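Enquirer: any chance you could fold what I've pasted below:
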Amino acid sequence: MAKPLVSDEMWAVVAPLLPSRPPRLKGGRPPVDDRAALTGILFVLRSGIPWEMLPQEMGCGSGMTCWRRLRDWQAAGVWERLHHVLLDRLGKANAIDWSRAALDSASVPGKKGGQETGPNPTDRGKPGSKRHVVIDANGIPLAVTLSAANVHDSRMLEATVDAIPPIRQCAGRPRRRPAKLHADKGYDFRRCRRALRRRAIIPRIARRGIDSTERLGRHRWKVERTLAWFARFRRISVRYERRIDIFAAFNHLAAALITFRFVERWLC
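Expert: Numbering: from 1, shown residues only. This is a model prediction of the structure:
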């Protein structure tokens with residue numbers, strides 16, 4: 001039998017985070033169960049199919065029903081809280097390696113346009129967006145931010161680092177700053193190094209014309225691997241959503257699912 005998209009272990013984490021629905025008047029069809037709606041959302045995220053083609057035999061309701069739940073739960077901050085809760089679990093088990101982190105971005109086409117899209121200089125000026133990800137030394141995504149494709153990577157360094165939530169530790173206060181941050185030559189600016197030092201983070205940024213690609217690549221390859229994990233979710237390998245909140249919801253949910261794999265591997 002195929003593994004369910006929403007396992008019992010995952011649902012036990014998600015269910016307490018979902019907002020309660022207002023009581024309905026008597027009559028009419030009963031609302032779709034939250035777990036079924038989440039199954040439909042994950043199916044769309046993983047397969048990339050349009051909402052209207054969501055198979056009815058899955059019992060997830062219509063695609064529009066699942067879309068509304070995704071929208072409402074994003075407005076309630078469910079997906080970011082889910083990611084944070086999973087990071088807390090890893091942090092309390094001392095499974096997050098704060099000794100070094102890595103930062104990088106990946107561009108995704110966005111033909112339909114919308115907020116946070118712009119001409120991609122690496123794709124003949126076609127519209128697109130960027131996904132910026134910072135990971136720990138193991139490849140666990142600590143934060144994800146979005147920008148237009150024409151925004152320089154270095155301009156998103158501070159926003160992405162500051163997006164790391166305070167993560168609980170096995171002892172002491174929550175932590176949100178790695179000891180070092182590795183980045184490629186796209187971040188080789190004094191302002192980037194100053195911004196990291198202000199946050200007590202040692203910059204390990206490749207210098208243009210000085211450092212070879214191989215020297216720092218032994219640490220940066222893990223962020224490339226994590227970006228490849230994001231790209232496996234077909235709904236976000238190309239930006240189909242005009243609305244930035246829906247696109248952000250999918251990206252935060254993908255980050256939570258990647259983090260959940262580490263929880264399953266190390267804590268279950």
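
Enquirer: export stretch 42-51 to CSV, keeping only CA atoms.
Expert: Taking C-alpha atoms only, stretch 42-51 is exported to CSV below (Å, rounded to 0.1, in the frame of the first residue of the first chain):
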residue,chain,number,x,y,z
LEU,A,42,0.3,18.2,-0.5
PHE,A,43,-0.8,16.3,-3.7
VAL,A,44,-0.8,19.6,-5.7
LEU,A,45,2.5,20.7,-4.2
ARG,A,46,4.3,17.4,-5.0
SER,A,47,2.7,16.7,-8.4
GLY,A,48,2.3,20.3,-9.7
ILE,A,49,-1.2,19.6,-11.2
PRO,A,50,-3.7,22.5,-11.5
TRP,A,51,-6.1,22.8,-8.7
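
Enquirer: list the buried residues in the biggest helix by length in the chain.
Expert: In the chain, with assignment by DSSP state H, the single longest helix is helix 244-267. By 16 or more other CB atoms under 10 Å, the buried positions in helix 244-267 come out as 246-260, 262-263. Heads up, the C-betas are built off the backbone N, CA and C, glycines and all.

Enquirer: kindly export that helix (C-alpha atoms) in CSV.
Expert: Below are the C-alpha coordinates for helix 244-267, written out as CSV (Å, rounded to 0.1, in the frame of the first residue of the first chain):
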residue,chain,number,x,y,z
ILE,A,244,2.6,35.9,-3.5
ASP,A,245,0.8,34.6,-0.4
ILE,A,246,0.0,31.3,-2.1
PHE,A,247,3.5,31.0,-3.6
ALA,A,248,4.9,31.7,-0.1
ALA,A,249,2.6,29.2,1.5
PHE,A,250,3.9,26.5,-0.8
ASN,A,251,7.5,27.4,-0.1
HIS,A,252,7.1,27.4,3.6
LEU,A,253,5.2,24.1,3.5
ALA,A,254,8.0,22.6,1.4
ALA,A,255,10.6,23.8,3.9
ALA,A,256,8.5,22.2,6.7
LEU,A,257,8.3,18.9,4.8
ILE,A,258,12.1,18.8,4.2
THR,A,259,12.6,19.5,7.9
PHE,A,260,10.1,16.8,8.8
ARG,A,261,12.3,14.3,6.9
PHE,A,262,15.2,15.1,9.3
VAL,A,263,12.8,14.7,12.3
GLU,A,264,11.8,11.3,11.0
ARG,A,265,15.3,10.2,10.3
TRP,A,266,16.8,11.3,13.7
LEU,A,267,14.0,11.5,16.2
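
Enquirer: same for that helix, what does it pack against?
Expert: Applying 3 or more CB pairs under 8 Å, 6 or more residues apart in numbering; DSSP states H and E, one finds that helix 244-267 contacts helix 8-14, helix 34-47, helix 63-75, helix 78-92, strand 127-136, strand 141-148, helix 213-231, helix 234-237.

Enquirer: okay, these in CSV with distance to residue 166, mean pLDDT and mean neighbour count next?
Expert: Output for the helices and strands packed on helix 244-267, formatted as CSV (distance: least, CB to CB, whole Å; pLDDT from 0 to 100; neighbours: other CB atoms under 10 Å):
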stretch, distance to residue 166, mean pLDDT, mean neighbour count
helix 8-14, 19, 96, 14
helix 34-47, 26, 96, 21
helix 63-75, 21, 95, 18
helix 78-92, 9, 97, 21
strand 127-136, 14, 97, 24
strand 141-148, 11, 98, 22
helix 213-231, 21, 82, 16
helix 234-237, 26, 96, 18
